[in-house]
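Novice: Curious how this folds, go ahead:
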Amino acid sequence: MSYSKGIRSIRTIRTIAAVTLSAAMILAAAACGTTDSGSNSASGSDAKDSGSSSTQGFDTSTITKDDAIAALLPDSVAGDGTLTVGTDTSYAPAEFLAEDGKTAVGFDVDLSKALAAVFGLKEETVSSTFDSIIPSVGSKYDIGISSFTVTPERMEAVDFVTYFKAGSTWVVRKGNPDKVDTSNLCGVKVAVQTGTTQEEEVNKANEQCKADGKDAIDIQSSKLQTDVTTAVASGKASIFYADSPVAGYAISQTGDTLETLGDDTGVTPEAVAIKKGDSATAEAVQKAIQKLMDDGTYGKILDTWGVKSGAIDKAEINPTV
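Specialist: Here you go, the predicted structure:
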């Protein structure tokens with residue numbers, strides 16, 4: 001089973017301060033990688049300490065506890081006073097590492113902090129590889145927030161509460177020097193993140209190439225989205241496929257190195273992953289997200305990161321997809 005990101009089923013990118021202005025800098029950022037250690041997410045004054053307004057984030061310090069919503073959380077989540085959130089910090093602008101190489105930032109991280117504040121809990125972001133998060137929700141992590149696209153396959157493993165929507169985007173080097181045609185990827189070097197739905201889609205396209213007797217797609221699957229982006233920026237791959245917000249952020253952070261190819265495809269909801277059958281936590285998360293939507297906090301978080309186009313107005317548990 002694949003656990004791709006949000007339209008990491010379609011999914012998108014970012015680096016440690018999220019892919020910078022050149023391929024060389026991207027490589028350096030990617031080298032910091034993702035670790036399986038706790039990292040308190042930054043916003044407000046904390047992010048200022050990292051030395052860049054671009055990763056400052058939204059200040060969640062004024063969000064107050066909602067006693068009624070907090071009371072819905074089971075002791076298995078609230079008992080230790082901390083909301084532990086699994087995330088893959090290689091996916092800017094949703095979740096990535098600031099310039100210090102250890103502080104988690106991004107709109108998903110700010111949402112995690114906001115949820116924790118509504119619950120009256122301390123928030124702890126635990127950085128991990130994307131495909132390891134869903135299997136660990138309910139044991140290692142209280143919840144997973146990492147641009148997970150809602151798919152029927154994933155809903156067999158976890159419950160979901162929606163909070164965002166995103167499509168998928170193809171990205172090439174400026175000018176498309178390899179003359180890639182996304183309607184015919186046979187024989188093309190395509191970079192994708194491991195465990196994403198984008199990877200699933202490219203794998204399906206590859207099977208069709210082989211069935212048609214054409215050259216196979218050279219699929220370059222990497223654990224980190226930063227490595228996916230670097231592969232294209234450096235010319236190792238001709239094109240990558242990722243979530244639209246991530247692709248847009250990668251392009252903006254790499255100057256004239258990258259550009260989109262064609263239109264965005266397949267807009268799909270993204271959601272918080274919750275232990276399968278944990279209806280109490282699912283209800284608490286749904287009500288907390290809806291509260292943040294209704295009081296305007298959610299919109300301000302998305303505005304901070306320039307991703308308001310992905311906003312939704314209703315948080316749903318296990319939506320029909």
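
Novice: Could I get the buried residue list for the strand or helix carrying residue 208?
Specialist: Mapping residue 208 onto the secondary structure by DSSP states H and E places it in helix 197-211. Applying a neighbour-count criterion of 16 or more other Cβ atoms under 10 Å, the buried positions in helix 197-211 are 197-202, 205-206, 209. Any C-beta I mention is one placed from the backbone N, CA and C, and that applies to glycine too.

Novice: Restrict that helix to CA atoms and write it as PDB.
Specialist: What follows is helix 197-211, C-alpha atoms only, in PDB (Å, rounded to 0.1, in the frame of the first residue of the first chain):
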ATOM      1  CA  THR A 197       0.300   8.900  -5.300                       C
ATOM      2  CA  GLN A 198       2.300  10.700  -7.900                       C
ATOM      3  CA  GLU A 199       4.700   7.800  -7.800                       C
ATOM      4  CA  GLU A 200       1.700   5.500  -8.200                       C
ATOM      5  CA  GLU A 201       0.500   7.400 -11.200                       C
ATOM      6  CA  VAL A 202       3.900   7.300 -12.900                       C
ATOM      7  CA  ASN A 203       4.200   3.600 -12.200                       C
ATOM      8  CA  LYS A 204       0.900   3.000 -13.900                       C
ATOM      9  CA  ALA A 205       2.000   5.100 -16.900                       C
ATOM     10  CA  ASN A 206       5.200   2.900 -17.000                       C
ATOM     11  CA  GLU A 207       3.100  -0.300 -17.100                       C
ATOM     12  CA  GLN A 208       1.300   1.200 -20.100                       C
ATOM     13  CA  CYS A 209       4.500   2.000 -21.800                       C
ATOM     14  CA  LYS A 210       5.700  -1.600 -21.400                       C
ATOM     15  CA  ALA A 211       2.300  -3.000 -22.500                       C
END
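
Novice: measure the residue lying farthest from the centre of the chain to residue 199 for me?
Specialist: Centroid-distance maximum for the chain: residue 213 at 35.5 Å, with Cα atoms, centre = their mean. The gap separating residue 213 from residue 199 is 23 Å, by Cβ to Cβ, to the nearest Å.

Novice: Can you pull the poorly scored residue ranges out of the stretch 201-321 of the chain?
Specialist: Applying pLDDT under 70 to the stretch 201-321 of the chain flags no residue at all.

Novice: Strands of that one, residue ranges please.
Specialist: 218-222, 239-243, 258-260, 265-275 (DSSP state E, counting those that start in this stretch).

Novice: Please identify the most buried of these.
Specialist: Comparing the strands of the stretch 201-321 of the chain by mean neighbour count (mean count of other Cβ atoms under 10 Å), strand 239-243 ranks first with a mean of 32.

Novice: Which strands and helices lie in contact with it?
Specialist: Using 3 or more Cβ pairs under 8 Å, 6 or more residues apart in numbering; DSSP states H and E as the contact test, the elements touching strand 239-243 are strand 158-173, strand 189-193, helix 197-211, helix 225-233.

Novice: Please repeat the previous calculation with a cut-off of 6 Å.
Specialist: The criterion is 3 or more Cβ pairs under 6 Å, 6 or more residues apart in numbering; DSSP states H and E, and the helices and strands that strand 239-243 contacts are strand 158-173, strand 189-193.

Novice: Contacts for the last one, please.
Specialist: By Cβ atoms under 6 Å, 6 or more residues apart in numbering, the residues outside strand 189-193 that reach it are 11, 198-199, 202, 217-221, 225, 228, 231-232, 237-241.

Novice: so how far is that strand from its chain's centroid?
Specialist: 17 Å (Cα atoms, centre = their mean, to the nearest Å).

Novice: What are the buried residues along that strand?
Specialist: For strand 189-193, a neighbour-count test (16+ other Cβ under 10 Å) marks 189-193 as buried.

Novice: For that strand, which strands pair with it and how are they oriented?
Specialist: Next to strand 189-193 in the sheet, as set by DSSP bridges, lie strand 218-222 (parallel), strand 239-243 (parallel).

Novice: what angle separates it from helix 225-233?
Specialist: Interaxial angle, strand 189-193 versus helix 225-233 (axes from the mean of the first three to the mean of the last three Cα atoms, to 10 degrees): 160 degrees.
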